[in-house]
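Following is a predicted model, sequence given first.
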Amino acid sequence: MAIRAVLWDVDDTIFDYAGADRAGMRGHLTVEGLLDGYDSVDQALDRWKELTELHWRRFEREGGDFQDQRRDRVRDFLGAPDLSAAGADDWFDRYVVHYEAAWELFPDALPVLDELADDYRQAVLSNSSIHAQDPKLRALGVRDRFETVLCAAELGVAKPAPEAFHAACTALGLAPEEIAYVGDQPDIDARGATEAGLLGVWLDRADTGGRPELQRITDLRQLPALLGGHTRFGAPSTFG
């Protein structure tokens, strides 16, 4: 069955989240005077990244309130377990000013979104919140490329659970085998999509390789050719 739609991950797929997060946190920590407790800026940034991943995985696993996981991340980073919700929110809001100033699409994102627009419907499935992703996509000027934006916080289920992918299929009114999912995580995105019956595509920007069972690209500009000539059900990628 032909692919009729492309379902996208956002962070570190079309949007350079890691770059913006590091640049934003570097600016924030400098202004807040919080770098003295670390041997280097990179050490502080690595700690923030570690806590971001830790608390997000807990949120995916256990559910709960999206804001609460963010507040707990701030408390752990500051070593302030008794920091109030308002205090954690204020600290994070000050960080967001620096983070948003560093927002950028990857250079290959917009050309490929536009190239695919005539032949494929497009939508987003993100392990985030609509309150985070919708304003971001609008600020980046690409929200109108997507029919719908679905996020784990509102769905109540996160990738790689098949239910997350199937919710997107239902929203598009298409069967799983008619949809390709593109994301930067080999297991959460590509393997999860494949196991849910979609065409899972791993965007391996770092060209790490090592997953021959997955459809893999290293640049989004390789995606149109893959969609035009793909084989289903785990065939090796033609891009190495």
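Structure received.

Can you classify the nearest residue to Arg143 once chain neighbours are set aside as helix, strand or coil?
Of all residues beyond its chain neighbours, the one nearest Arg143 is Leu137 (4.0 Å), with distances taken as CB to CB, 6 or more residues apart in numbering. Using the backbone N, CA and C atoms, a C-beta is placed for each residue, glycine as well. The three-state label given to Leu137 by DSSP: H, G, I helix; E, B strand; the rest coil is helix.

What residues does Leu137 make contact with?
10, 124, 143, 146, 149 (CB atoms under 8 Å, 6 or more residues apart in numbering).

and those residues, which are buried?
Buried residues within these, defined by neighbour count using 16 or more other CB atoms under 10 Å: 10, 124, 146, 149.

Could you export those as CSV, including secondary structure, pLDDT and distance to Ala86?
Converted to CSV, the buried ones among the contacts of Leu137 look like this (DSSP: H, G, I helix; E, B strand; the rest coil; pLDDT from 0 to 100; distance: CB to CB, whole Å):
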residue, secondary structure, pLDDT, distance to Ala86
Val10, coil, 98, 28
Val124, strand, 98, 31
Phe146, coil, 98, 34
Val149, strand, 98, 29
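
ok, longest helix in the chain?
Secondary structure of the chain per DSSP state H: the longest helix is helix 41-62.

what's that one packed up against?
helix 17-32, helix 66-78 (3 or more CB pairs under 8 Å, 6 or more residues apart in numbering; DSSP states H and E).

In a markdown table: the ones you listed, plus mean neighbour count and distance to Lys49.
Putting the helices and strands packed on helix 41-62 into a markdown table (neighbours: other CB atoms under 10 Å; distance: least, CB to CB, whole Å) gives the following:
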| stretch | mean neighbour count | distance to Lys49 |
| --- | --- | --- |
| helix 17-32 | 18 | 7 |
| helix 66-78 | 19 | 10 |
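
Output those as TSV; include the columns mean pLDDT.
Formatted as TSV, those follow (pLDDT from 0 to 100):
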stretch	mean pLDDT
helix 17-32	90
helix 66-78	91
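
want to throw those into TSV with distance to Ala86?
Shown next, in TSV, are the helices and strands packed on helix 41-62 (distance: least, CB to CB, whole Å):
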stretch	distance to Ala86
helix 17-32	17
helix 66-78	9
